[in-house]
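# Mind folding the following:
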Amino acid sequence: MLVQLNTNGDLPATSSCASAPQGSSCTGWQQFVYDSNLKIIQVEPALLGYDATCTGTFHTSDGAGNCYDENENTMSVPLLTPEELASDSVTFLGQANSVTDTVKLIVSGVGYAATAPDDLVDLAGNWTIAQFGIYGDRGGAEADFSAGTDLKVNLATHSGTTVAPQCAMAQPINSTGESNNLYLQPAPTLSTQPSPTMETEQTSNPPTSPAACATAHGVGDTHLETFNNLFYDFQAQGDYELVSTGTPPPPPPPVDSPVARPAGPDATDTAPTYPSFFTVQERQVSGAPSWPNAAVNQAVAAQVGTSDVAICTAPTQLEINGSPVSLADGTQLALPDGASVSLNGNVYLISDGNGNVVQATVQSGNTPHIDVSVGLGQWPEPVQGLLANAGSSDNAIESSDGTVFTAPFAFSQIYGPYGNSWLVPADQDLLSACNGEAGGVVDSDPTQPFYASDLPPQVGASARATCVAAGVQSAPLLDACTVDVAVLGDQAADVYQTLPAPAAWGVVGTGCPDSSSWFDGTTADACSPPFTFMVLPWNGATLFGRAILDAIASPGVTSVQYEVSGNGLNDAVIATATPTIFGWVAGWDTTTLPNGTYTLQSVASYADGVTGASSGTTITVSNWAFGQSAVHARLRRAS
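Residues are numbered from 1 along each chain as shown. Just a heads-up that it's a prediction; the model follows:
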């Protein structure tokens, strides 16, 4: 087993590359290594693209034009168990200065070091990329971890900067040839204190979302979670831009125009570069007439390299560059520019050559639809579309013209200047492959927001119970799951079992377009009162004795009370709830009220006193009491 800390592969290596053949693309690369088999640590420089017989210090060849220096001094170290490697008692360091590069291993406070001259590859001042992990032994071996492994890998840089690092999935980093059997999970955590860090997680279980530097999602009918984990609803109908990043390709030149080719080596002489532009579009279709204020993803398309790939439903089909393509389950189709598309069960995976990926999960059920996840191969980087935030904010989004909208969102903003700005122009519509013409649906907006509180009470209670049974706890996800189960069927709860909890909930309301407050669970104002709805009892229920009351409420709510009206009472408080994973629950002794029909409501409050009430639930209180008439019966033996 090897622990490797690898550098970028474009180091100058000025003196070492001087002996390379003229015209070669020689560059330097370096590894800092712990070898558990040999029980040593070592600095291992390399020359990439040397393209000549490996001699001198760099005497080991891999047969592909690269030369490796395995002559540098080593240091014997203790054999470390996987448990020790994963503990805080072990630190692995790579250091560079203008004279010496050093690998250090610190075990429970005891340090070990090995060195190599820096001028072999000129690492000092040129180290810009780092890759760290546990891999198989030398020669391309794979490290085999046991089932249930959950490995968190923390990489920190100490160079005087406090700028957060950038995650990169794609090369040119000239990564190690060794590997392990773990799956990278989305997405790494980037931090700046006290030094820039990146922590990744690798487990023995395949990820449920694309392994990428940043991920965003569009699920159900239709709930969006941005790359900065802002969760908001978008229920409009039309073809929309979910994500775009990179430089759009220029329009093709006229057929009779000459194309200039830059002087220099052939493309095969250098690392491959792929088109940077990556865009994802979705087609949302209204749930009318049954659910007119909801919409679902009916199709998803992406431009990867020079290929346009679309996943359509009704019927389900794969389209590439406007033509249907048959793809067998469990297979992958290679596309130009390092792109590909694969199918496993009901999940399509569309990738480009830069680490960007789209996962489209085709769902059956009451309403066939597509749950989509988008992963980016670099983060942070400029990105736009419905799944982007405004800059680095996690509570704001922006239209295509740069207008910023801060949560909570006014209904007229989301379904107006914001949504309209992300409609795909007909001449750029990749989804036309699904219907043979651009703009396959007429764009339209809902007439009002659609949350779980808008469902019929019994429907909402049943759907929520399904979501709770599936383990959904986060309030924004529980509300969205409840809506999806009611509209799409019980299987809609599955996606919420693995969806990350949002950092912020962008509630769409009906007013306060100028409000700058954020519905983040700690602040609120009268523009965004909390919402709540009754789960128990159901509308029309008859209660007696001690009854259980249950409601859900917005994040940030500090208290929920239950009030009744009727029979001379007006908003009389009958119980104060306790927050639980099942909602705001309270017990109520119904004998405290006379028998009769009442209207019951849950009333949620923020700490600053702003309140919001559920719609009324009609109940009947019916208790038997001593002194009332009763019918008795007994058996007597016949004479």
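
# Just give me the residue closest to the centre of this protein.
Taking CA atoms, centre = their mean as the criterion, T215 is the residue nearest the geometric centre of the chain, at 3.3 Å.

# Relative to N420, how far out is that residue?
Between T215 and N420 the distance, using CB to CB, to the nearest Å, works out to 26 Å. Every residue, glycine included, has its C-beta placed from N, CA and C.

# low-confidence ranges in the stretch 451-600 of the chain?
Scanning the stretch 451-600 of the chain for pLDDT under 70 picks out the ranges 510-528.

# let's go with 80 and repeat that
Applying pLDDT under 80 to the stretch 451-600 of the chain flags residues 453, 457, 475, 509-531, 554-556, 581-582.

# Where is the longest strand in the chain?
Longest strand in the chain, counting residues (DSSP state E): strand 291-304.

# strands paired with that one, and their directions?
Note on strand 291-304: by DSSP bridges, its sheet partners are strand 278-287 (antiparallel), strand 307-312 (antiparallel).

# and the next helix or strand after the shortest one, what other elements does it pack with?
Read that as strand 307-312. Per DSSP states H and E, the first helix or strand lying C-terminal to strand 307-312 is strand 317-320. Packed against strand 317-320 by the contact rule (3 or more CB pairs under 8 Å, 6 or more residues apart in numbering; DSSP states H and E) you find strand 307-312, strand 323-325, strand 340-344.

# is it true that A124 touches Q95?
No: between A124 and Q95 there is no contact under CB atoms under 8 Å: 9.3 Å.

# Mind listing the shared neighbours of the two?
Common neighbours of A124 and Q95, using CB atoms under 8 Å, 6 or more residues apart in numbering, are D101.

# Can you show me the strands along the stretch 151-300 of the chain?
167-168, 179-180, 183-184, 189-191, 197-203, 214-219, 223-225, 230-233, 238-245, 278-287, 291-304 (DSSP state E, counting those that start in this stretch).

# Going by neighbour count, list what's buried in the fifth one.
The one in question is strand 197-203. T197, M198, T200, E201, Q202, T203 (16 or more other CB atoms under 10 Å).

# hmm, back to that, going by neighbour count, list what's buried in the longest strand of the chain.
In strand 291-304, counting by 16+ other CB under 10 Å, buried: 291, 293-304.

# With stretch 72-80 instead?
Buried-residue list, stretch 72-80, by 16+ other CB under 10 Å: E72, T74, M75, V77, L80.

# Secondary structure for those - can I get that in TSV?
Output for the buried residues of stretch 72-80, formatted as TSV (DSSP: H, G, I helix; E, B strand; the rest coil):
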residue	secondary structure
E72	coil
T74	strand
M75	strand
V77	coil
L80	coil
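
# Among those residues, which pair sits farthest apart?
E72 and L80 (21.0 Å; CB to CB).

# what about the helices in the stretch 401-550 of the chain?
411-413, 419-421, 457-469, 475-488 (DSSP state H, counting those that start in this stretch).

# in the second one, what counts as buried?
Of the residues in helix 419-421, G419, S421 count as buried by neighbour count, 16+ other CB under 10 Å.

# what residues does that helix touch?
Taking CB under 8 Å, 6+ apart as the rule, helix 419-421 contacts F234, A236, G238, Y240, S399, S400, D401, T403, D443, D445.

# can you rerun that using 6 Å?
With contact meaning CB atoms under 6 Å, 6 or more residues apart in numbering, helix 419-421 is reached by A236, S399, S400.

# What distance do you get for the residue nearest to the second one when sequence neighbours are not counted to G246?
Using CB to CB, 6 or more residues apart in numbering and skipping the chain neighbours, the partner closest in space to S399 is S421 (3.8 Å). Note on S421: its distance to G246, by CB to CB, is 20 Å.

# now do A310
Counting by CB to CB - A310 and G246 are separated by 19 Å.

# swap in A147?
From A147 to G246 the distance is 38 Å (CB to CB).

# Looking at the two, which one has more neighbours?
Just comparing A147 and G246: by other CB atoms under 10 Å the higher neighbour count belongs to G246, 20 against 8.

# I'd assumed F278 was in contact with the more buried one.
Yes: assessed by CB atoms under 6 Å, G246 is found in contact with F278 at 5.4 Å.

# got the contact list for P206?
Y183.

# where does it fall, phi/psi-wise?
Per-residue torsions, P206: phi -60, psi 140 (degrees, to the nearest 10).

# Pairing partners for the strand or helix carrying A46, with directions?
Per DSSP H and E, A46 falls inside strand 40-48. Sheet partners assigned to strand 40-48 using DSSP bridges are listed as strand 27-35 (antiparallel), strand 67-68 (antiparallel), strand 74-76 (antiparallel).

# Can you get me a residue count around the closest residue to D394 other than its chain neighbours?
Leaving aside its sequence neighbours, D394 sits nearest to N228 (CB to CB, 6+ apart; 4.1 Å). N228 has 22 neighbours, counted by other CB under 10 Å.
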